[in-house]
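Participant: pasting the structure only:
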């Protein structure tokens, strides 16, 4: 089994090779446009053309091989992702089933707790596994397109529901944004966005005070939007979706 460093190395190799080949193709195309230019010596033209073609002949097979390797890995991960998703859906249904029985008074609280506690633990593990698998697939797909790999330790977009995120409460997020717009976004993990709108809220409150509540014309619709934003984003997080730090709704 390859170590993470070995895996990154061949992904980096594909990325570099991809860009080098695309660059040579572009240069070769530009060269061909100048084929009949009287300024360019025929020998010089043919020499440069030969160099470009040799490079493509030598490196294109390796690029195809690496691409096939990445594509095969994506296919494997998609199968694993589908299996994880099926099991996660099954576990969530079991939790809902026990919750329905408990709320109907068909089982005791102890029975409910005994059944649900291990299922909740499994659900968290599966959700984290699902997010990791999806992240790997997205990374490999972006590599095939020649997009740069994220640097080591780079978080990029935040993958929700890893750990305790799926326990975030929609009501708490909405209440916090009602109490102070931006606080709800910090609560769900959108720290930069939350801090920005917390400061913006302070400015609006200041305008309210100095204009004798005239600022409420702005404040009320702004607050409603922020409440809806926090509630909808929390729903997305609980469903296992990925949200960026500045995403709305």
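Facilitator: Structure's in. What do you need? Just so it is clear, the structure is predicted and the values come from calculations on it, not from any experiment.
Participant: Give me the distance from stretch 66-85 to the chain's centre.
Facilitator: Offset of stretch 66-85 from its chain centre (CA atoms, centre = their mean, to the nearest Å): 17 Å.
Participant: what's in contact with that stretch?
Facilitator: Here stretch 66-85 makes contact (CB atoms under 8 Å, 6 or more residues apart in numbering) with 10-11, 13-14, 17, 126, 129-130, 133-134, 136-137, 140-141, 143-144. (Glycine included, C-beta is placed from N, CA and C.)
Participant: Same question for that stretch: list its buried residues.
Facilitator: Buried residues in stretch 66-85, counted by 16 or more other CB atoms under 10 Å: 66, 70, 74, 77, 81, 84-85.
Participant: Please apply the same query to stretch 209-226.
Facilitator: For stretch 209-226, burial by neighbour count (16+ other CB under 10 Å) applies to 215, 219, 222-223, 226.
Participant: Out of those residues, the closest to residue 238 would be?
Facilitator: residue 226 (18.8 Å; CB to CB).
Participant: what kind of secondary structure is residue 106 in?
Facilitator: For residue 106, the assignment made with DSSP: H, G, I helix; E, B strand; the rest coil gives coil.
Participant: change the start of the numbering to 719 and stick with it
Facilitator: With the count now opening at 719, the last piece we talked about shows up as residue 824.
Participant: what's near enough to touch it?
Facilitator: Residue 824 neighbours (CB under 8 Å, 6+ apart): none.
Participant: Now the phi/psi pair for it, please.
Facilitator: phi -80, psi -20 (degrees, to the nearest 10).
Participant: Looking at the contacts of stretch 784-803, spot the one nearest residue 758.
Facilitator: For the contacts of stretch 784-803, the residue nearest residue 758 by CB to CB is residue 735; the value is 28.7 Å.
Participant: thinking again about what came up before, could I get the buried residues of stretch 927-944 as TSV with secondary structure?
Facilitator: Converted to TSV, the buried residues of stretch 927-944 look like this (three-state DSSP):
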residue	secondary structure
933	coil
937	helix
940	helix
941	helix
944	helix
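Participant: Quick one: mean pLDDT over the lengthiest helix in the chain.
Facilitator: Taking DSSP state H as the criterion, the chain has its longest helix at helix 760-821. The pLDDT scores in helix 760-821 average 94.
Participant: What pLDDT is listed against residue 874?
Facilitator: On the pLDDT scale, residue 874 is placed at 41.
Participant: Run a quick neighbour tally on residue 781.
Facilitator: 17 (other CB atoms under 10 Å).
Participant: Skip the chain neighbours and tell me the closest residue to it.
Facilitator: Nearest non-adjacent residue to residue 781, counting by CB to CB, 6 or more residues apart in numbering: residue 735, 4.9 Å away.
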